[in-house]
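Enquirer: Give me coordinates for this.
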Amino acid sequence: MKKMLLLPLCLILWSFTQSDTPLEKYLTRITDPDIIKRDLATIAVWNSNPKKEKDEKITPQSQWELLYYYHSGWHEHSPNHRIDISEVYVGTPGNTLVGQTLLDFTKSPHQAALIYSDNPLMVNLLSEERGAPYNGKWVVFSLRDNRICLRYVHSYPNGNQSRWYHRKEYYFQLK
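Expert: Presented below is the predicted three-dimensional model:
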């Protein structure tokens, strides 16, 4: 009988210790407002000047350094009770991930393969509305200097009681 009671308790405790992402071990959360402002400015420059001539592809053998993770958006669980999200994480120096890790990380039953785009503005337009083609999909676009952004947007802006817009962006540099 004790084992039957202990098992659910262990499962609950185990679920709280699991990270949201296997990439979390490569990241450090930034809390200093000045550093956040500087890093967000860097990310904005990268996004405003995407690479056009050739896309960088994530292959199983490719090597990537995780530079930044930016989680932004909002959620509202009842009308007029909105919670804004803005979290910046920086990659630990010297981290290297194999492309297969990224490909496994982005696998889902709703998406057969990564989507590659050459236009971050188009990615925004095609992912923000409920039912948009990129909503709930991992999209990769190339940036200058062998960098890529791996973006996931999950948006449900027109719900009755619950509404949300979550954007997760991982920035990598080819090693």
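Enquirer: What's the first helix or strand after the lengthiest strand in the chain?
Expert: Selection of the longest strand in the chain by residue count, based on DSSP state E, yields strand 63-76. Downstream of strand 63-76, the first helix or strand assigned by DSSP states H and E is strand 82-91.
Enquirer: now that following strand: how far from the chain's centre is it?
Expert: The chain centroid and the centroid of strand 82-91 are separated by 11 Å, computed with C-alpha atoms, centre = their mean, to the nearest Å.
Enquirer: strand partners of the very next helix or strand once past that strand, parallel vs antiparallel please.
Expert: Moving toward the C-terminus from strand 82-91, the next helix or strand (DSSP H and E) is strand 97-98. In the sheet containing strand 97-98, its partner strands are strand 63-76 (antiparallel), by DSSP bridges.
Enquirer: Now do the buried residues in the strand it pairs with.
Expert: 64-73, 76 (16 or more other C-beta atoms under 10 Å). The way it works is simple: take the backbone N, C-alpha and C, and place the C-beta from them, glycine included.
Enquirer: if we can go back for a sec, quick one, the longest strand of the chain and strand 82-91 angle?
Expert: Taking axes from the mean of the first three to the mean of the last three C-alpha atoms, to 10 degrees, one finds strand 63-76 and strand 82-91 inclined to each other by 170 degrees.
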